[in-house]
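Trainee: Just need the structure, nothing else, for what follows:
(one chain, ligands or ions: 1)
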Amino acid sequence: MNTTLSLALDTVKLPRHSQWAVSTLGHRIELFFSPNFQWRENAKPLLFIGGVHGDEYEGVELAAQTLLWLDSIYQSDSTTEISPWVLIPCINPDGYKSNQRTNGRGVDLNRNFPARDWSPRIKSSRYNPGTFPASEPEVRALANFIVRYSPRLVIHCHSWHPSITFTGNEAPVEAKILGETTGYSVQPDIGYPTPGSLGQFAWLEQQIPVICIEEQEGTAVESVWPHFESGIKKIFGKI
Ligand SMILES: [Zn+2]
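Mentor: Take a look at the predicted model:
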């Protein structure tokens, strides 16, 4: 994570696990959670994730700015009632630190989840699915979290062509909110198969809906939060 962002997150007063998991190359993965999130099975938080692909800085920026906004809310209003949430600013610190899509072993985390459609076929090195499902520690940590705590919704943040893609039978209300507030199209798939992706795992194996936010690739970093601010605030229930 770039220095400015790391320093900003250091000031966050919300509960955190500073070393919730450890990446392939030994970088710590930090997890933040709302004061009302209870670490028990089936707790059903909103799970918000940045940095699945390390070279998509827009997704890390969006997750980090969401966290900074949440921190300001809790610091300014002790009576606030926001439903339980968990936020991981950067699930792929290896990739983020070296500006590459994959983790430190060259695996695309979004093809390594233990979904029934996981495939060992390597379409190209960008999409290397790993040697077996959940072979990567980043994916194992996230998959275990999802199975144990059953998030009511997973949102993960990327950049490519702008879109709000959902996995599930119908668009979650949160996807519609994001579409309406950004003007980005809301669609049921990205346009090509994504075996072993986070969306396929959470939906096929756990029936948990997933939203994949794609910010416009190359968006100026200071423009990312303004694009999503109103939608994110609605989603977390504090407009
Ligand atoms: Zn991506």
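
Trainee: Say whether the ion is contacted by the longest helix that the chain contains.
Mentor: Ranked by residue count and defined by DSSP state H, the top helix of the chain is helix 57-76. No - Helix 57-76 does not reach the ion (CB under 5 Å from the ion); its nearest approach is 6.8 Å. From N, CA and C alone the C-beta is placed, and that goes for glycine too.

Trainee: After that helix, which helix or strand is next?
Mentor: Per DSSP states H and E, the first helix or strand lying C-terminal to helix 57-76 is strand 85-88.

Trainee: The helix or strand that that following strand is followed by and the ion, are they touching?
Mentor: Sequence-wise, the next helix or strand downstream of strand 85-88 (DSSP H and E) is helix 93-97. No - using CB under 5 Å from the ion, helix 93-97 stays clear of the ion, with a minimum separation of 10.1 Å.

Trainee: And helix 93-97, what does it pack against?
Mentor: Using 3 or more CB pairs under 8 Å, 6 or more residues apart in numbering; DSSP states H and E as the contact test, no helix or strand touches helix 93-97.

Trainee: For the next helix or strand after it, buried residues please.
Mentor: For helix 93-97, the following helix or strand on the C-terminal side (DSSP H and E) is helix 137-149. Buried residues in helix 137-149, counted by 16 or more other CB atoms under 10 Å: 137-143, 145-146, 149.

Trainee: Stretch 199-209 too?
Mentor: For stretch 199-209, burial by neighbour count (16+ other CB under 10 Å) applies to 199-203, 206, 208-209.

Trainee: Please apply the same query to stretch 184-194.
Mentor: For stretch 184-194, burial by neighbour count (16+ other CB under 10 Å) applies to 184, 186-187, 190, 194.

Trainee: And the lowest-mean-pLDDT helix or strand in the chain, what does it pack against?
Mentor: One helix or strand of the chain scores below all others by mean pLDDT, DSSP states H and E: helix 3-10, with a mean of 83. Contact here means 3+ CB pairs under 8 Å, 6+ apart; on that basis helix 3-10 packs against helix 57-76.

Trainee: which parts of the chain sit against the ion?
Mentor: Near the ion, when you scan the chain using CB under 5 Å from the ion, you find 53, 56, 158.

Trainee: How about residue 132: what's its closest non-neighbour residue?
Mentor: Closest residue to residue 132 apart from its sequence neighbours, by CB to CB, 6 or more residues apart in numbering: residue 120 at 7.8 Å.

Trainee: Look up which residues are beta-bridged to the spatially most central residue of the chain.
Mentor: For the chain, the residue nearest the mean C-alpha position is residue 49 (1.9 Å; CA atoms, centre = their mean). Under DSSP bridges, the beta-bridge partners of residue 49 are residue 88, residue 156.

Trainee: gap between it and the ion?
Mentor: Here the criterion is CB to the ion, to the nearest Å. By it, residue 49 lies 11 Å from the ion.

Trainee: my guess is that residue meets residue 141, correct?
Mentor: No - using CB atoms under 8 Å, residue 49 makes no contact with residue 141, being 11.3 Å away.

Trainee: remind me which residues of the protein are low pLDDT?
Mentor: For the chain, the stretches flagged by pLDDT under 70 are 77-80, 238-239.
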